[in-house]
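1. using only what follows, build the 3D model:
(one chain, ligands or ions: 1)
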Amino acid sequence: MDIIDRIGETITQVGNAAGQKAKDVSEYAKLTSELHSLEKKQQDLFLELGKRFFEENMDSKDEAVEALKEIAADVDHLKEQIAGLKGGDSCPSCGAVVPKGSKFCNSCGAKLSIFEEEETTEEE
Ligand SMILES: [Zn+2]
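-> Purely as a prediction, here's the structure:
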């Protein structure tokens, strides 16, 4: 085989290898993107399932349910504190800060009068 043929063959091999590599890279990108989207769906469903389980088992003595209830109470408390710093109330439904004395939440439209009744005027 003469040198020109050998060089030609080498170039072809390198070209094929590069083409295969490009194919592998795009296949890799396709598969990882598919994987991420499936994992996201999986996570969303677990979350939904967990929320449903939580709502259906609020009274159970399951450790995770108990822990979640405690966290929910702490979250509400923190939201109220934050709302207080901003000079408003926290919507018990969505947590948005609303001006003190609001009857409805600006953000989700929830009725807030229940929230007002819970608060006594003994604070000041
Ligand atoms: Zn709200």
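2. look up how far the ion lies from the spatially most central residue of the chain.
-> Taking C-alpha atoms, centre = their mean as the criterion, residue 44 is the residue nearest the geometric centre of the chain, at 8.2 Å. Separation of residue 44 from the ion (C-beta to the ion, to the nearest Å): 23 Å. All C-beta atoms are positioned from the backbone trio N, CA, C, and that covers glycine.
3. so which strand or helix has that residue?
-> helix 3-56 (DSSP states H and E).
4. and that helix, how far from the chain's centre?
-> For helix 3-56, the separation from the chain centroid amounts to 24 Å (computed by C-alpha atoms, centre = their mean, to the nearest Å).
5. next SSE downstream of that helix?
-> helix 63-85.
6. contacts for whichever helix or strand comes after that next one?
-> Next in sequence after helix 63-85, counting helices and strands by DSSP H and E, comes strand 88-90. Residues from elsewhere that reach strand 88-90 (C-beta atoms under 8 Å, 6 or more residues apart in numbering): 76, 79-80, 82-83, 96-102, 112, 115.
7. let me know the average pLDDT across the helix holding residue 44.
-> When pLDDT is averaged over helix 3-56, the result is 91.
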